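S.K.: Only the shape, not the letters, is given here:
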């Protein structure tokens with residue numbers, strides 16, 4: 001039989017009276033599509049042999065999959081062997097799948113390149129219950145690499161899984177990735193029963209997961225759970241840098257995370273970060289944040305600290321309403337400039353200009369982001385019943401020395417000094433209103 005891009009042939013022999021012996025085979029030759037008008041020819045064989053009559057019925061299942069033209073260096077193959085008791089509450093007597101050099105990119109368009117070798121085993125768990133079973137997996141990937149290089153950043157997966165007829169449990173699982181490991185455990189039951197997962201991260205290098213990241217290996221704890229009798233997802237993340245940066249990224253050299261803490265919940269399309277702290281590159285951000293996705297709105301209270309300066313933000317924003325306060329300080333403009341120039345890709349951001357001194361900005365605003373957008377697109381339009389966005393700001397510069405390079409090569413540097421500057425700004429975006 002020819003179906004789509006495959007050719008299949010089958011043979012079935014079934015005995016009429018008990019024990020109803022069955023002998024069935026299936027051979028297939030399939031062209032699996034790949035990207036760029038390419039395909040791979042795969043040969044599949046399957047057989048089912050055994051008996052079907054009565055509670056003692058047993059079936060032996062075998063399946064094999066391999067390319068018609070295997071790779072000479074790493075031939076790919078997949079094999080399944082199983083024993084089935086079709087009329088028992090737990091029909092799987094035992095099952096085992098063996099993988100050898102399986103390349104996902106050769107089988108599914110857009111999948112990463114892999115070379116998976118290992119086993120997956122399944123067996124009944126009579127000690128737990130009549131419908132329970134347990135499974136184990138140990139799979140290695142010989143060509144692990146960053147995801148953005150079309151590779152899978154996982155080197156090995158080892159896991160134990162159990163099912164008691166209602167609840168899935170993962171008593172232990174280890175994922176080796178990025179030169180480190182992630183140890184996890186968890187459980188899941190159908191709603192409304194809660195589920196939970198916990199993971200410990202040790203020595204995972206971000207640059208090995210995605211090549212544009214770098215910095216020291218990451219370690220810490222991650223947990224998530226469903227609150228009992230609700231649809232609330234509660235999570236707790238505590239990650240930190242471990243050791244030195246190791247092999248960094250060419251695209252973002254020197255950038256790395258020192259510490260990240262996040263505690264909160266997700267419910268009804270509302271992300272509520274009750275605790276948030278991120279430390280990186282000698283800077284930190286600390287506070288709390290709430291994002292209401294369905295309303296396209298957010299609110300929060302955040303504090304930013306970095307070499308030579310700091311800022312505090314307390315506000316809320318929605319499409320048509322909002323308001324808040326911002327305080328920003330530059331205590332050492334020279335130190336702040338050096339820090340900014342040390343960030344990835346920003347070494348020339350100031351174009352050889354320099355500054356020394358300090359400044360302070362206090363500002364407040366009223367109005368929604370959508371209202372501001374409409375006013376920018378159509379300055380003369382009416383406010384449509386919404387309050388006009390307004391801004392108040394006060395700038396104080398006790399002392400600031402500026403050196404500006406000449407636009408012409410070899411030209412004279414322009415120097416300037418600000419002393420005791422005070423500037424106030426107040427206005428709205430309404431037509432004819434001073435700003």
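M.R.: That came in fine, so what should we check first? Owing to the predicted nature of the structure, the values given are computational and were not obtained by experimental measurement. Numbering: from 1, shown residues only.

S.K.: remind me which residues of the protein are low pLDDT?
M.R.: 4-5, 32-38, 72, 191-193, 229, 243-256, 380-386, 429-435 (pLDDT under 70).

S.K.: in stretch 208-226, what's buried?
M.R.: Of the residues in stretch 208-226, 208-211, 213-220, 222-226 count as buried by neighbour count, 16 or more other C-beta atoms under 10 Å. C-beta coordinates here come from the backbone N, C-alpha and C atoms, glycine included.

S.K.: Show only the entries of the residues you listed found in helices.
M.R.: Counted as lying in helices by DSSP state H, out of these, are 208, 209.

S.K.: residues making contact with stretch 273-293?
M.R.: Here stretch 273-293 makes contact (C-beta atoms under 8 Å, 6 or more residues apart in numbering) with 215, 254-265, 269-272, 297-307, 339, 342-343.

S.K.: For it, which residues meet the burial criterion?
M.R.: Of all the residues in stretch 273-293, those buried under the rule 16+ other C-beta under 10 Å are 273, 276, 278-279, 281, 283-287, 289-292.

S.K.: Tell me the one of those residues nearest residue 378?
M.R.: For those, the residue nearest residue 378 by C-beta to C-beta is residue 292; the value is 26.8 Å.

S.K.: Report the beta-bridge partners for that closest one.
M.R.: Counting by DSSP bridges, residue 292 is bridged to residue 270, residue 297.

S.K.: And it, how far from residue 233?
M.R.: To residue 233, residue 292 is 15 Å away according to C-beta to C-beta, to the nearest Å.

S.K.: For stretch 103-120, measure first residue to last.
M.R.: Length of stretch 103-120, first residue to last, C-alpha to C-alpha, to the nearest Å: 17 Å.

S.K.: Tell me which residues of it come out buried.
M.R.: Judged by neighbour count using 16+ other C-beta under 10 Å, the buried positions of stretch 103-120 are 103, 105, 106, 107, 112, 113, 114, 115, 116, 117, 118, 120.

S.K.: Give me the distance from it to the chain's centre.
M.R.: In terms of C-alpha atoms, centre = their mean, to the nearest Å, the centre of stretch 103-120 is set 20 Å apart from its chain centre.

S.K.: And stretch 209-220, by the same measure?
M.R.: Taking C-alpha atoms, centre = their mean, one finds the center of stretch 209-220 at 13 Å from the center of the full chain.

S.K.: again with stretch 207-223
M.R.: Distance, centroid of stretch 207-223 to centroid of chain: 11 Å (C-alpha atoms, centre = their mean).

S.K.: got the end-to-end distance for that stretch?
M.R.: One end of stretch 207-223 to the other measures 23 Å (C-alpha to C-alpha).

S.K.: picking that back up, could you give me the PyMOL syntax to select whichever of the contacts of stretch 273-293 are buried?
M.R.: Buried residues among those (16+ other C-beta under 10 Å), as a PyMOL selection:
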select buried, resi 215+255+256+257+258+260+261+262+263+264+265+270+271+272+297+298+299+300+301+304+306+307+339
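
S.K.: Look up which residues are beta-bridged to residue 317.
M.R.: Note on residue 317: beta-bridge partners by DSSP bridges are residue 298, residue 322.

S.K.: what do you get for residue 139?
M.R.: residue 118, residue 157.

S.K.: I figured it hits residue 155, correct?
M.R.: No: judged on C-beta atoms under 8 Å, residue 139 makes no contact with residue 155 at a distance of 10.0 Å.

S.K.: Kindly reformat the buried residues of stretch 273-293 as a markdown table containing distance to residue 316.
M.R.: Listed next are the buried residues of stretch 273-293 as a markdown table, based on distance: C-beta to C-beta, whole Å:
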| residue | distance to residue 316 |
| --- | --- |
| 273 | 14 |
| 276 | 16 |
| 278 | 21 |
| 279 | 26 |
| 281 | 29 |
| 283 | 24 |
| 284 | 23 |
| 285 | 18 |
| 286 | 18 |
| 287 | 13 |
| 289 | 11 |
| 290 | 9 |
| 291 | 11 |
| 292 | 10 |
